[in-house]
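*Asks:* sequence? don't have it. structure:
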């Protein structure tokens, strides 16, 4: 919703019914409820993008009851620009709603030159979060993640830095991302020892990428940690986009890092069969793909990106039909196996 203030400038007033239809799920054994669908700012929020469009997407998300917004230090491009744009929009539109928002950022990938701008050292993590807070106009984040394992830094140092970040009041909770089951188990043990609230593991998961089912979900269950998944649509493959060929302006046609024409062609028969199952459920393929992930009890939320408010609204409609019959699950498994 928008209102005009006395100066004639449009200001944002959140939809008063925003919590009426969103589904919320508990993250592990914590006190935190997350929206079943969260908004990721990996793409579409950098300096190369239209900030007014980004603003409309963020407003739309909050009006739909999406309270969780996921960032990282290097989101953009360029690095840091998604956080900076978010900070500008937050200051103008969302500052009065801060206590209704669950904001995340991360550090672990390449961010600045030299030996202290990457991986998992205490130096890097604490410095990076200080920079992120300034860019986002925040005093603290709700959750801070180590973005990926660092094989050369002792896990005790990395988890110890996360613990101190909480004690310093810069984050309320901590999480990890892209860790394997054994690494996750050890991280959980250390954070328990440090008495720090470890509530989320962020992992890639989709119908076409099911590695988390090979031990990670069980490890999270055993440790009372929730899972928040990214790339639920397999970089766009689990949408209607490729059912009739590869569009010239698509991500696959451009052979970008995470998707190319070969990968689409390898999976196209599965994609078409899954689309038929989705249609029989009264859903788009993208909506069914999101609902299929949310059936896992360990999954607290699914992270989606959005290039427009309309795209976001379409994906949130996945929540209108989250139930699967045994026959539907059997058909899906037959396609994926």
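*Replies:* Alright, I've got the coordinates. Please read all numbers here as calculations on a predicted model, not as lab measurements. Numbers count the residues shown, from 1 in each chain.
*Asks:* Tell me the buried residues in the longest helix seen in the chain?
*Replies:* If you go by DSSP state H, the chain has its longest helix at helix 261-280. Of all the residues in helix 261-280, those buried under the rule 16 or more other CB atoms under 10 Å are 263, 264, 267, 270, 271, 274, 275, 277, 278. All C-beta spots, glycine's among them, are computed from the backbone N, C-alpha and C.
*Asks:* Repeat that for stretch 211-226.
*Replies:* 212, 216, 217, 219, 220, 221, 223, 225, 226.
*Asks:* what's the farthest-apart pair in those?
*Replies:* Farthest pair in those (CB to CB) is 212 and 223. Separation: 14.2 Å.
*Asks:* how about low-confidence regions in this protein?
*Replies:* By pLDDT under 70, the weakly predicted segments of the chain are 1-10, 251-257.
*Asks:* Please tell me how far residue 154 sits from residue 181.
*Replies:* Distance of residue 154 to residue 181, computed by CB to CB, to the nearest Å: 19 Å.
*Asks:* Between these two, which has more neighbouring residues?
*Replies:* The neighbour comparison of residue 154 against residue 181 (other CB atoms under 10 Å) goes to residue 181, with 18 against 11.
*Asks:* pretty sure that one is in contact with residue 221, am I right?
*Replies:* No. If you go by CB atoms under 8 Å, residue 181 and residue 221 don't touch, sitting 11.2 Å apart.
*Asks:* what number of residues lie near the residue nearest to residue 287 when sequence neighbours are not counted?
*Replies:* The shortest distance from residue 287 to any non-neighbouring residue, by CB to CB, 6 or more residues apart in numbering, is to residue 318 (3.9 Å). By the measure other CB under 10 Å, the count of residues near residue 318 is 25.
*Asks:* List the contacts of residue 318.
*Replies:* Applying CB atoms under 8 Å, 6 or more residues apart in numbering, we find residue 318 in contact with 37, 283, 286, 287, 288, 289, 290, 291, 294.
*Asks:* Out of the residues you listed, list just those in helices.
*Replies:* With DSSP H as the criterion, helices contain 286, 287, 288, 289, 290, 291, 294 from among the contacts of residue 318.
*Asks:* related to what we said a few turns ago, inside helices: which ones of the buried residues of stretch 211-226?
*Replies:* Mapping those onto helices (DSSP H) picks out 216, 217, 219, 220, 221, 223.
*Asks:* wait, isn't the fourth one in contact with residue 297?
*Replies:* Going back to what we said before, that points to residue 220. No. Between residue 220 and residue 297 there is no contact under CB under 8 Å: 10.2 Å.
*Asks:* Please report the distance of the nearest residue to residue 191 once chain neighbours are set aside from residue 185.
*Replies:* Once flanking residues are discounted, residue 191 sits nearest to residue 198: 4.1 Å by CB to CB, 6+ apart. In this view, residue 198 and residue 185 are 11 Å apart by CB to CB.
*Asks:* what sits in contact with each of these two?
*Replies:* Common neighbours of residue 198 and residue 185, counting by CB under 8 Å, 6+ apart, are residue 223.
*Asks:* Neighbour count for those two, which is higher?
*Replies:* Using other CB under 10 Å as the criterion, residue 198 and residue 185 rank with residue 198 on top: 28 against 17.
*Asks:* Pop out the phi and psi values for that one.
*Replies:* Here is the backbone geometry of residue 198 (degrees, to the nearest 10): phi -100, psi 110.
*Asks:* Kindly list the main-chain dihedrals of the spatially most central residue of the chain?
*Replies:* What sits nearest the mean C-alpha location of the chain, by CA atoms, centre = their mean, is residue 303, with 3.3 Å. When read as degrees, to the nearest 10, the backbone of residue 303 gives phi -80, psi 130.
*Asks:* From the ones in helices among the buried residues of stretch 211-226, pick the one nearest residue 313.
*Replies:* For those, the nearest to residue 313 is residue 217 (29.1 Å; CB to CB).
*Asks:* Give the bridge partners for the residue nearest to the centre of the chain, please.
*Replies:* residue 38 (DSSP bridges).
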